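A.B. asks: model the following, please.
(chains A and B)
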Amino acid sequence: MALLNKAQLDKLKQKAGDLLNRTIDQHINLAVTGLSRSGKTAFITSLVNQLLNENSQSQLDFFDSVHQGRFIAAKRVPQKNLHIGRFEFEKSMSAFSLSPPQWPEPTNGISELRLAIRYQPQDSLLKYATDSATLYIDITDYPGEWLLDLPIMNQTYEEWSEFTLNLLKENPRAELSASFIDKINGIDPFEPVDEQKLADLAKEYTELLQSFRYKLGLSVIQPGRFILPGELADAPILQFVPFTNFDKIDRNAYQNAGDDTFIGMLRARYIEYKERVVRKFYKEHFVNFDRQIVLADCLTPLNNGPESFADLQTAINMIMESFSYGQSSLFSRLLSPKIDKILFAATKADHVTPEQHSHLVSLLNQMVYQTKHQLNYDEIEMKTLAIASVKASKAGKGKHQGQDIPVIQGHRLTDNKLITLFPGAVPAKLPMKEYWQDHHFNYHGFSPLESVEKHESLPHLRMDQVLQFLLGDKIK
Amino acid sequence: MSEVKEKYQQQILFDEVEIDKDKENLPQFQEQVVLDNETWQESDLIDVEQVVEASNTKKPSWLWRSALGVFSVLIVIETVEFFIAGFNQSPIIASLYGGLLFILSMIAGKTLFRELRGLRQFKNREQIKVAVADIYQEKSTRSANEICEKIAKQLPCDTQVDQESLWSDESEHALNDKELLELFSRQVLSKVDQKALDKISKFSTEAVVLVALSPIAIVDMLLMLWRNLKMVDEIANLYGLRLSYWSRIKLIKQVFVNMVYAGATELIADVGAELIGADLLGKLSARLAQGLGAGMLTARLGLKTMHLCRPIPFDKDAPKLKDVRKKLLSQIKSLTERSSQSK
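C.D. replies: All right, here's what the predicted structure looks like:
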């Protein structure tokens, strides 16, 4: 009799547990935010790799659930949106397992993945219901170039043109863009539109953007689809340019201009781009985030000079604006206001010596201070870390002029030669203008350290702290 | 302008590909101004320590000191005179006395040495704790690596084997001092914590059973005293503190002061839930409930000892009474079940 009761009780307990598990939604939608080349794909690959290959060798001591032995396992499960590409984890991992290893290829489309983490609950209510609970994580990978389109959503064509014109006229861009501005100024905006001419102009503008991006190393590149069109290549929706001569034209005439005039067509295409491309991208992929990580590479802009650094600062603040300013009105409507934790990560921390990490952190803090200020007011938990998703160098010490100094060693990205160097100090805050005139920074890029097989975990720097900050409070 | 110019170190490229992995005692390679700052901080640190020491060891007044001096001079003169007189009158007895004095002074010296060593270890541990706290507050210049190695050297050798295999892997981790300490705490000391917790649960189970079995209150008390002292000793040993008489008294004093200062709220929060458990158990057996109370107090004492002995303070997941209780209750349950089965 007693035995029967016990069996019944167990069954009942399990049923109740299942029910509770279904009611309590254990789910995180992680926003991995970063401009292009800031290391989003490497970050996601490393994150997935660390979780999938968790074992006694993995270095995740700061991730509490692993440290306490409550982490059971993680696996990849079918994603939520079937019409969106699958994140090619295997492909990126195989880049790391080549000999010599390489960085994964840059992303040129949107992809998604969903991970399920199984763990033993310890503190939460779940403990009373089940022995093991599951946490689902959704991550979206997308080209960083597209991220900068988000601010466009809140600008009319007129505002956007004005903003872009100001950028084009300012220093790093002025030289390259002068002829383009002259060309636009020479066009009568109310003449009937010639589509071929418009296409040529858009092509020229795209080339201009590309040289800003690759020659000058700038970050504010709008519209982002121009340099990475994805499936929209050559569509007329990508054939528009900012109009640079708004001061000279009659506002009423502009308002009344039909779609068959030059300016009217530009406006129509801009609005179409804004609604059909940007807002769609935003609505599909930038809603319902719970957690956000902002990846920023501070070293490359330092290499490129003060303008590039200032541009990165502008870009990050522009992006963060489209995440934060809705908190009162727009945000709460479009974005769920649930992002309750933000991690700012200075990537490529392994490209400088360890004692410079604190400077890297304060440099990033300086870059995002406006945003942080706003978020602080909204009582959002924030942290800044210097990380390396996949470690590309070894830290040690070397002798220089009879003195021991900290150095790093790794394979240089350009020629894959093993070099040992002290890469230079990182300024804890942005140097004055005078400093740039006779100095410049020159941090080298590195290839991944050693080839890593698919079943091994990638060497990393502070990924465990990232995991703990982003997921730790849900796995307990 | 010139200041700005010198501000950032330029990069240095090396020809040799040899890299020295040994990172300890690495001087900070930075600009001149910062170096000056650091030396200033170092001296400041020493000053603070000296001040603390000076305030801790109250020097006795010169009157007492002179009295002590005269007294010891007198003793020496007395002894010398005794032996001179003794060798003149009866050399055999005097040499026996001499032998006795020698043996006694050997014993006393040995004890004194052990006491001093214990006290010094204890003081060392306190200093490490101060250094660790400094690193946590980011005002220390001592490297975390150095501190970790110092702690590791003091740990019992079976833990050392564990930690060497783990710790050396991690040494190429490019982490800052605070993170290094935390890593050490998580990788090495957490193993020690586990052992200490096992010890505590073992001793509290013993306390439960012994108190439940013993018929007289005075026996309870004596048993508790004996077991608790032994537990404090063993826990301290696990954390690499070999206690001598005075250092033990110091530690126990600290433990009790800590427990008193913990106050009623913590006591209720800590013991409250356990008392409910005891209440349930009380329905089974009044004696066992009594024993459980004693066991819980033992566990509490053990945990406080852990807190005081641990060189790096616990981060957020400090062991709580409930961790011990789980083990303890399961052990007691198995005991009672076994006894009821054997009936």
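
A.B. asks: neighbours of residue B:314, how many?
C.D. replies: The local packing of residue B:314 (other Cβ atoms under 10 Å in any protein chain shown) involves 14 other residues. In this view, the C-beta of every residue, glycine as well, is placed from N, C-alpha and C.

A.B. asks: how close does it get to chain A?
C.D. replies: 13 Å (Cβ to the nearest Cβ, to the nearest Å).

A.B. asks: and the closest residue to that residue other than its chain neighbours, how far from residue B:297?
C.D. replies: With Cβ to Cβ, 6 or more residues apart in numbering or on different chains as the criterion, residue B:314 has its nearest non-adjacent residue at 7.0 Å, and that residue is residue B:307. In this view, residue B:307 and residue B:297 are 16 Å apart by Cβ to Cβ, to the nearest Å.

A.B. asks: in a helix, residue A:345, correct?
C.D. replies: No: under the criterion used here (DSSP: H, G, I helix; E, B strand; the rest coil), residue A:345 is strand, not part of a helix.

A.B. asks: for it, which non-adjacent residue is spatially closest?
C.D. replies: In space, residue A:345 comes closest to residue A:387 once its chain neighbours are excluded; the distance is 4.8 Å by Cβ to Cβ, 6+ apart.

A.B. asks: thought that neighbour was touching residue A:461?
C.D. replies: Yes: Residue A:387 is within contact range of residue A:461, at 5.7 Å (criterion: Cβ atoms under 8 Å).

A.B. asks: quickly list what's touching both of those two.
C.D. replies: Shared contacts of residue A:387 and residue A:461 (Cβ atoms under 8 Å, 6 or more residues apart in numbering or on different chains): residue A:349.

A.B. asks: pretty sure residue A:406 sits in a strand.
C.D. replies: Yes: under three-state DSSP, residue A:406 sits within a strand.

A.B. asks: which strand residues bridge it?
C.D. replies: residue A:397 (DSSP bridges).

A.B. asks: residue A:426: which element?
C.D. replies: Assigned by DSSP states H and E, residue A:426 falls within no helix or strand.

A.B. asks: what stretches of chain B score poorly on pLDDT?
C.D. replies: Applying pLDDT under 70 to chain B flags residues B:1-60, B:140-141, B:158-174, B:258-287, B:339-343.

A.B. asks: tell me where it has strands.
C.D. replies: B:12-14 (DSSP state E).

A.B. asks: the stretch 51-200 of chain A now?
C.D. replies: With DSSP state E, counting those that start in this stretch as the criterion, the stretch 51-200 of chain A has strands at A:71-77, A:85-86, A:111-119, A:133-141.

A.B. asks: residues in contact with the shortest one: which ones?
C.D. replies: Counting by Cβ under 8 Å, 6+ apart, strand A:85-86 makes contact with A:79, A:109, A:110, A:111, A:112, A:113, all of which sit outside it.

A.B. asks: now the two most distant members of these.
C.D. replies: Across these, no pair lies farther apart than A:79 and A:109, at 14.4 Å, counting by Cβ to Cβ.

A.B. asks: who has more neighbours out of these two?
C.D. replies: Neighbours of residue A:79 and residue A:109, each counted by other Cβ under 10 Å, are more numerous for residue A:79; the result is 18 against 13.

A.B. asks: which ones are touching the more buried one?
C.D. replies: Residue A:79 touches A:86, A:112, A:113, A:114, A:138, counting by Cβ under 8 Å, 6+ apart.

A.B. asks: got the phi/psi numbers for residue A:291?
C.D. replies: The phi and psi values for residue A:291, taken as degrees, to the nearest 10, are phi -130, psi 150.

A.B. asks: sorry, that was for residue A:82
C.D. replies: phi -80, psi -20.

A.B. asks: what's around it, how many residues?
C.D. replies: 8.

A.B. asks: now swap in residue A:76 and tell me
C.D. replies: Residues within reach of residue A:76, counting by other Cβ under 10 Å, total 16.

A.B. asks: got a list of what it touches?
C.D. replies: Applying Cβ under 8 Å, 6+ apart, the residues contacting residue A:76 are A:48, A:52, A:89, A:113, A:114, A:115, A:116.

A.B. asks: export those residues to TSV and tack on distance to chain B, pLDDT and neighbour count?
C.D. replies: Shown next, in TSV, are the contacts of residue A:76 (distance: Cβ to the nearest Cβ, whole Å; pLDDT from 0 to 100; neighbours: other Cβ atoms under 10 Å in any protein chain shown):
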residue	distance to chain B	pLDDT	neighbour count
A:48	22	93	21
A:52	21	91	18
A:89	25	90	21
A:113	28	91	21
A:114	29	92	18
A:115	24	92	21
A:116	25	91	15
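
A.B. asks: find the closest residue to chain B in the stretch 1-150 of chain A.
C.D. replies: Using Cβ to the nearest Cβ, the closest approach of the stretch 1-150 of chain A to chain B is made by residue A:61 at 4.8 Å.

A.B. asks: that residue against residue A:464, yeah?
C.D. replies: Yes: here residue A:61 reaches residue A:464: they are 6.2 Å apart, a contact under Cβ under 8 Å.

A.B. asks: how many residues are close by residue 216?
C.D. replies: Picked chain A for this. 17.

A.B. asks: switch to chain B, please.
C.D. replies: With other Cβ under 10 Å as criterion, residue B:216 counts 8.

A.B. asks: which residues does whichever residue of the stretch 201-343 of chain B sits closest to chain A contact?
C.D. replies: Of all residues in the stretch 201-343 of chain B, the one sitting closest to chain A is residue B:317 (7.1 Å; Cβ to the nearest Cβ). By Cβ under 8 Å, 6+ apart, the contact set of residue B:317 is A:64, A:68.
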